[in-house]
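Undergrad: here you go, sequence then predicted model.
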Amino acid sequence: MKINVLTLFPDMFTPLQVSMLGRGLEDGKWDLNLVNFRNFTTDVHHHVDDTPYGGGAGMVLQIMPIKKALDSLENRGKVIITAPQGKTFNEEIAQEWSQEENLTFICGHYEGFDQRVYDLADEVVSIGDYVLTGGELPTMSMIDATVRLLPGILGNAASPVDESFSHGLLEYPQYTRPAEFEGKKVPEVLTSGNHQKIAQWRHKEALRATYLRRPDLLAKKELTKEEKEMLAEIKAEVEK
Ligand code: ADE
């Protein structure tokens, strides 16, 4: 997968170039093309923004440098604008995008885009109901969530199939040594060696975490008979 990012601040993107994603870049598992759309301006001062028609405070990012930067790309694939007014990004969107050959993100900064920039995009996507100073951090979050799903990025040890959201449930609690720390013990079942019991316990704890912290996710999920029974037990335990 090759990801293009149109940004005024390409230097911000170092977090994608270290750790697992960085290794993936080195190994050619994905590719990142950072394009500064200021390089596509034609005036001597390299302006990318101007005052809004109709008056008002602030500046508005102009369409021309962004359109020229887009036209310079070999393969743009799906074009995504990150903005608070977009639909909310989630794991399902990350999974969809991870199937694409190319993606192109357009990052705004400080100010809004000329409305006609939105016509250049296939999707407008937000990371939540809060406003950041620019689209760079949201873009990095979305790229991280998408690229980590590509084959060979997480390595053999971890599997994105067995984690939060992939089954519509939050993750079950995990423990490692020591078996007891400041009086807090690891649940006995996990050291029992009984794999069936461990799997059952994990399933129930994933349900419990979701019921307690994200009941909205449970409401969306179709529960099996076994899950319904577990949930009834959890509710009884909680009410005790
Ligand atoms: N740009 C500024 N705030 C944003 C948000 N919440 N999501 C996506 N892009 C943004």
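TA: All right, it came through fine. Residues are numbered from 1 along each chain as shown.
Undergrad: avg pLDDT for the helix or strand where Leu103 lies?
TA: Assigned by DSSP states H and E, Leu103 belongs to strand 102-106. Mean pLDDT, strand 102-106: 98.
Undergrad: so Val35: helix, strand or coil?
TA: Recorded secondary structure, Val35: strand (DSSP: H, G, I helix; E, B strand; the rest coil).
Undergrad: I'd assumed Asp71 was in contact with it.
TA: No - Val35 lies out of contact with Asp71 (CB atoms under 8 Å); the separation is 11.1 Å. Any C-beta I mention is one placed from the backbone N, CA and C, and that applies to glycine too.
Undergrad: which one of the two has more residues nearby?
TA: Each of Val35 and Asp71 has its neighbours counted (other CB atoms under 10 Å); Val35 has more, 19 against 10.
Undergrad: tell me the contacts of the more buried one?
TA: Asn4, Val5, Leu6, Thr7, Pro10, Ala69, Ser72, Leu73 (CB atoms under 8 Å, 6 or more residues apart in numbering).
Undergrad: strands - which of those residues land there?
TA: Asn4, Val5, Leu6, Thr7 (DSSP state E).
Undergrad: make a PyMOL selection of the buried ones in those residues.
TA: Typed into PyMOL, the line below selects the buried ones among the ones in strands among the contacts of Val35, using 16 or more other CB atoms under 10 Å:
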select buried, resi 4+5+6+7
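Undergrad: give me the distance from the biggest helix by length in the chain to the chain's centre.
TA: Counting residues, the longest helix found in the chain (DSSP state H) is helix 195-213. Counting by CA atoms, centre = their mean, to the nearest Å, helix 195-213 is centred 25 Å from the centre of its parent chain.
Undergrad: that helix: what's the following helix or strand?
TA: Using DSSP H and E, the helix or strand that follows helix 195-213 towards the C-terminus is helix 215-220.
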